[in-house]
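Enquirer: No sequence on hand, only this structure:
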């Protein structure tokens, strides 16, 4: 048996947050998403400073990438007039982010 951990997701590239913020600013939801991302990012940076771990910032980047990637599918779902009242919060799917 190997003592190696199971496959962990690769950490985002150092400039991933900058690129993600640019993508968020280009999205139609920028008015609400950019401030929310910046708040999550600031909290993650503070957590990283205290924990000496980059895991919080990686988690924020992954969660916001997932939100951005899922947005077209969500828009299409809602455009078809589908009922979304039984939906679940993205945090339930991805896990709570810092």
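Expert: On my side now, so go ahead. Since we're looking at a predicted model, the values are computed, not measured.
Enquirer: now the helices for this structure?
Expert: When secondary structure is read from DSSP state H, the chain shows helices at 16-26, 30-51, 55-79, 90-94.
Enquirer: so which of those helices comes closest to residue 10?
Expert: Among these, helix 55-79 comes nearest to residue 10, with 9.3 Å by CB to CB. (C-beta placed from N, C-alpha, C; glycine too.)
Enquirer: Export the helices of the chain as CSV, with columns for mean pLDDT, mean neighbour count and distance to residue 10.
Expert: Conversion of the helices of the chain to CSV gives the following (pLDDT from 0 to 100; neighbours: other CB atoms under 10 Å; distance: least, CB to CB, whole Å):
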stretch, mean pLDDT, mean neighbour count, distance to residue 10
helix 16-26, 93, 15, 11
helix 30-51, 94, 14, 18
helix 55-79, 90, 16, 9
helix 90-94, 68, 12, 17
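Enquirer: my guess is residue 27 meets residue 33, correct?
Expert: Yes. With contact defined as CB atoms under 8 Å, residue 27 and residue 33 form a contacting pair (6.3 Å).
Enquirer: separation between the spatially closest residue to residue 48 that is not a sequence neighbour and residue 77?
Expert: When the adjacent residues along the chain are set aside, residue 48 lies closest to residue 56, with 5.0 Å between them (CB to CB, 6 or more residues apart in numbering). Residue 56 sits at a distance of 30 Å from residue 77 (criterion: CB to CB, to the nearest Å).
Enquirer: and if you look at residue 36?
Expert: From residue 36 over to residue 77 the distance is 21 Å, taken as CB to CB.
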